[in-house]
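Participant: Below are the sequence and a predicted model; questions follow.
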Amino acid sequence: MCETRFDIQKIEGDFYNVGAPENNVDSIINVIIGDIASAKVKIDRSDRSFPASVAIKIEHNMLNTKRRIVLRYKSYSSHIERAYFLAEKNIINGKQSAMELLNEMYCNSLEKYEIDSFEPDIAQVRQHADEIISDVIKQLRKFVYNSANVTQYKEQVEIGLSVVVAHAFVECCVLENPNNATN
């Protein structure tokens, strides 16, 4: 094993041994996840149907392995809508800010796959749809855990991440809107 060691003898000037300031800021999405985590949800695992508009979005984007997060979202859909409603009441532009952040994460994912984020090629989006969703969840996970108001339990955060991203998919902030399709 190779390692690098530093022996700092003397520090001149200002030295602050504190966490990054962005880690001390609360996150709207953490508020949403906290509300989702506190909701009593009955999950019907036998119901694998989607509302027609969601099924069209799944088919349009050719979502395969990540369809399961949309199923999870279905169980939490009324709770996430309520959470966003409460966020809007308490935080100016709360839902819009969260949706903009998720769309920015989506655009970052597109660029990782060398897809133009301004005018995405739907064929390329379809080819990488599941990986794009996974990447957005990964980006959101990092963002959430680096915020000051992280939900207490990791399991709740993980469920919340997939529900929030699935909601962004349903709202067409992540992946492409079939109503805007040209092909």
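Facilitator: Here it is on my side, so go on. Quick caveat, the model's predicted, so the values are computed rather than measured.
Participant: Distance of the residue nearest to the spatial centre of the chain relative to Asn180?
Facilitator: Centrality entry for the chain: nearest residue to the mean C-alpha point is Val165, 4.0 Å, by C-alpha atoms, centre = their mean. Look at Val165 and Asn180: by C-beta to C-beta, to the nearest Å, they are 20 Å apart. No exception for glycine: its C-beta is placed from N, CA and C like everyone else's.
Participant: cool, and Ala148?
Facilitator: 37 Å.
Participant: Which of these two has more residues huddled nearby?
Facilitator: For the pair Ala148 and Asn180, the greater number of neighbours falls to Ala148 (12 against 9), based on other C-beta atoms under 10 Å.
Participant: Quick check, the more buried one in contact with Val31.
Facilitator: No. The pair formed by Ala148 and Val31 falls short of the contact definition of C-beta atoms under 8 Å, at 11.4 Å.
Participant: check contacts around the residue nearest to the centre of the chain.
Facilitator: Residues in contact with Val165 (C-beta atoms under 8 Å, 6 or more residues apart in numbering) are Ile69, Leu102, Ile133, Val136, Ile137, Leu140, Val174.
Participant: by contact count, what packs against the helix or strand of the chain with the lowest mean pLDDT?
Facilitator: Here the helix or strand of the chain ranked lowest by mean pLDDT, DSSP states H and E is helix 28-37, holding a mean of 80. Under the contact criterion of 3 or more C-beta pairs under 8 Å, 6 or more residues apart in numbering; DSSP states H and E, the helices and strands touching helix 28-37 comprise helix 67-90, helix 94-112, helix 122-145, helix 154-170.
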